[in-house]
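>>> only the shape, not the letters, is given here:
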């Protein structure tokens, strides 16, 4: 069994952001030499997500509007978590809707994807350095 | 390490549908010869889900009603994604709530499941051909 | 390839509860002898979750309030599932928001975690015996 590990770093200029990391995960697979196995990509932080969907800016706008409605950041005082001095209570909720991680099949040394699947880093409390872990196992 | 890959195809007669695929995933495990490992089952399309819950028609009705409330399809113009000519903006949101994939343990050549766990294909923009990927690794 | 399997049992005193199981999953990894691989932790029941977030009691309160709003238990009759004699229709919905499972990288014999990641059992229909499955594969 081969294994591979790499951290991808982000520092988004906005509080909420969606960054396409498909090319970076593909590069990890090539570097790993794994032809057949699984790749895990997960946010290492608890106010961020890794998810798979379409690379379409209108959809990303829709996600942002929808998540703001499901878990509004204001008023900050509505979240007990913010009594700890944080203001990111909403971001912890949004991350649960969008998920922490994706697991993708690796076949013939490539992401085994449908026609529109792309991997995104989803940031809900940005403007700071945060990481995604890519772990690959297989042969 | 053994590995196995198969695509399952669907074309649901309704826009929203839940299809029990547990038997098909079990058949994949038998075909793979894997006795001990992990099975990944994921939607290959971004307006569909694979998830695990109860095979109970009342619950599936509840999921549909609840998801329509969380992400109403109408008015179509509320989603910027639909300005691309699509009318499935809501389906991209519903899929995030229900999830893209499941990872299940394989033990003694079987799905290592609790008493009520069943695997479903969740369709939110049906009436067209779409696929689920089953990938198994182990020994 | 090594593999390991263990069930963790819970019987929470309240209907909704969040239990930190990080130490128990770490103990499984040590017991497995796996230094490099993947660990899957999943609820074996369909009204419970395993998820990763912060071990902060204010946040857990926020999750509970938020989930009650997204999927209120009352009136019980609003869910067709409850016509089967159950009263836990809401719990099946909450579990989908929080997720069934987590997959975590194992590196150097440890959970490969960011600074605040902790694993939780999320119970939405407690006061009864229920289980989490921990499955580890690797070398």
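Yep, that arrived. From a predicted model like this one, the values you see are computed outputs, not experimental measurements.
>>> quick one, phi psi at the spatially closest residue to residue A:11 that is not a sequence neighbour?
Beyond its immediate neighbours in the sequence, the residue positioned closest to residue A:11 (CB to CB, 6 or more residues apart in numbering or on different chains) is residue A:129, lying 4.9 Å away. In short, each C-beta sits where N, CA and C put it, glycine included. Listed backbone geometry of residue A:129 is phi -80, psi 130, with angles given as degrees, to the nearest 10.
>>> and for residue A:2?
For residue A:2, the backbone dihedrals (degrees, to the nearest 10) come out as phi -90, psi 150.
>>> repeat that for residue A:95.
Residue torsions, per degrees, to the nearest 10, at residue A:95 are phi -60, psi -30.
>>> now do the one 4 residues further on
Backbone torsions of residue A:99, given as degrees, to the nearest 10, read phi 90, psi 160.
>>> go on, residue A:17?
Per degrees, to the nearest 10, the residue geometry at residue A:17, taken as phi and psi, is phi -160, psi 150.
>>> dig out what it forms beta bridges with.
Listed beta-bridge partners, residue A:17: residue A:123 (assigned using DSSP bridges).
>>> coming back round to it: so who does the residue nearest to residue A:11 touch?
If a contact means CB atoms under 8 Å, 6 or more residues apart in numbering or on different chains, then residue A:129 has A:9, A:10, A:11 as its contacts.
>>> in chain A, what residue is nearest chain B?
Closest to chain B within chain A is residue A:114: 3.0 Å, counting by CB to the nearest CB.
>>> which SS class is that residue?
Using DSSP: H, G, I helix; E, B strand; the rest coil, the three-state assignment for residue A:114 comes out as coil.
>>> burial measure for it, as a count.
When neighbours are defined as other CB atoms under 10 Å in any protein chain shown, residue A:114 has 17 of them.
>>> residues contacting the residue lying closest to it once chain neighbours are set aside?
Using CB to CB, 6+ apart and skipping the chain neighbours, the partner closest in space to residue A:114 is residue B:44 (3.0 Å). Contact partners of residue B:44, counting by CB under 8 Å, 6+ apart, are A:113, A:114, A:115, A:117, B:7, B:130, B:131, B:132, B:133.
>>> ok but residue A:39 is inside a strand, no?
Yes. According to three-state DSSP, the state of residue A:39 is that of a strand.
>>> quick one: neighbours of it, just the number.
Here the neighbour count serves as a burial measure; for residue A:39 (other CB under 10 Å) it reads 24.
>>> tell me the pLDDT of it.
Residue A:39 carries a pLDDT score of 98 in this model.
>>> just grab the bridge partners of it for me.
If you apply DSSP bridges, the partners that residue A:39 bridges to are residue A:104, residue A:136.
>>> do the one 4 residues further on as well
Here residue A:43 sits in beta bridges with residue A:132, going by DSSP bridges.
>>> now it: how far from residue B:29?
The gap separating residue A:43 from residue B:29 is 30 Å, by CB to CB, to the nearest Å.
>>> list the contacts of the residue of chain A closest to chain B.
Residue A:114 makes contact with B:43, B:44, B:45, B:46, B:131, B:133, according to CB under 8 Å, 6+ apart.
>>> residue A:46 too?
Contacts here follow CB under 8 Å, 6+ apart; on that basis residue A:46 touches A:92, A:95, C:52, C:53, C:54, C:114, C:116, C:117.
>>> do residue A:125 as well
Residues A:15, A:47, A:48, A:88, A:91 are the ones in contact with residue A:125 under the rule CB under 8 Å, 6+ apart.
>>> list the ones among the residues you listed that fall in strands.
residue A:48 (DSSP state E).
>>> export the contacts of residue A:125 to CSV and append columns for neighbour count and pLDDT.
Below are those laid out as CSV (neighbours: other CB atoms under 10 Å in any protein chain shown; pLDDT from 0 to 100):
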residue, neighbour count, pLDDT
A:15, 17, 98
A:47, 25, 98
A:48, 26, 98
A:88, 21, 97
A:91, 25, 98
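>>> centre-most residue in chain A?
In chain A, the C-alpha closest to the average C-alpha coordinate belongs to residue A:50, at a distance of 1.9 Å (CA atoms, centre = their mean).
>>> so which residues make contact with the host helix or strand of that one?
Counting by DSSP states H and E, the element that carries residue A:50 is strand A:48-53. The set of residues that contact strand A:48-53 without belonging to it, under CB under 8 Å, 6+ apart, is A:21, A:41-43, A:59, A:91, A:94-95, A:98-102, A:104, A:117-125, A:130, A:132, B:46, B:92, B:95-96, B:100.
>>> that strand pairs with which strands, parallel or anti?
Going by DSSP bridges, the partners of strand A:48-53 are strand A:118-123 (antiparallel).
>>> which residues are contacting the partner strand?
Strand A:118-123 is contacted from outside by A:8, A:10, A:12, A:14-22, A:25, A:41, A:43, A:47-55, A:63, A:95, A:98, A:102, A:104, A:111, A:130, A:132, using CB under 8 Å, 6+ apart.
>>> circling back: for residue A:43 and residue B:29, indicate the residue with more neighbours.
Comparing residue A:43 with residue B:29 by neighbour count (other CB under 10 Å), the higher total belongs to residue A:43, at 27 against 21.
>>> residues in contact with the more buried one?
Contacts of residue A:43 were listed using CB under 8 Å, 6+ apart, and they are A:49, A:50, A:95, A:100, A:101, A:121, A:122, A:130, A:131, A:132, C:114.
>>> how about low-confidence regions in chain A?
Along chain A, no part satisfies pLDDT under 70.
>>> alongside chain B, which residues does chain A contribute?
For chain A, the residues in contact with chain B under the definition CB under 8 Å from any CB of the partner chain are A:1, A:36-38, A:51-54, A:56-59, A:61-63, A:66, A:70, A:97-99, A:102-105, A:107, A:112-117, A:137-139.
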